[in-house]
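Undergrad: Sequence and predicted structure, then a few things I'm wondering about:
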Amino acid sequence: MIKPDQAIARARASRRRFLLDLAEFLRFPSVSSRPEHRTDVQRCAEWLAEHLRRIGLDQVVIVPTARHPIVYAQLLRAPDRPTLLIYGHYDVQPADDRSQWCSPPFAPALSDGAIYARGASDDKGQLLIHL
């Protein structure tokens, strides 16, 4: 069992890797409401599935649907422990009015300790935090 101070130390030691992973995830223009981004959504699903495998989840699958794929994974190493379900989405809203952006929406920018990009907080950033 990892103690809270160990978890914080591990997170601090991995900060650079976490930021690089987030930036890579944010670069996908996975706008599910736009047909021209269908392949971007697929590539983003594939990236997410590979990320889940890399961090140690089991039975990672991409489930095709009539619209966009679902990414599903499990971590089943403690059958006697409670189940935790994490739900998140990897698609984003369009970034239509580019004049409102200080930097390109799919080119993550770090400013004053914050990352600016489409999906940074809804929901790609939050999803990676949970993972």
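TA: Yep, it's here.
Undergrad: What is the longest helix of the protein by residue count?
TA: helix 38-54 (DSSP state H).
Undergrad: Any chance you could list what contacts the next helix or strand after that helix?
TA: Tracing the chain past helix 38-54, the next element assigned as helix or strand by DSSP states H and E is strand 58-63. Residues outside strand 58-63 that contact it (Cβ atoms under 8 Å, 6 or more residues apart in numbering): 45-46, 49, 52-53, 69-77. To be clear about C-beta, it is placed using only N, CA and C from the backbone, and glycine gets the same treatment.
Undergrad: What of stretch 113-127?
TA: With contacts defined as Cβ under 8 Å, 6+ apart, stretch 113-127 is touched by 19, 22-23, 25-27, 29-30, 86, 88-90, 92-93, 95, 102-103, 105-110.
Undergrad: Restricted to buried residues, select those residues in ChimeraX.
TA: The buried residues among those can be selected in ChimeraX (16 or more other Cβ atoms under 10 Å) with this line:
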select :22,23,25,26,27,29,30,88,89,90,92,95,105,106,108,109
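Undergrad: List the ones among the contacts of stretch 113-127 that fall in strands.
TA: Ala109, Leu110 (DSSP state E).
Undergrad: pLDDT value on Gln100, please?
TA: On pLDDT, Gln100 comes in at 89.
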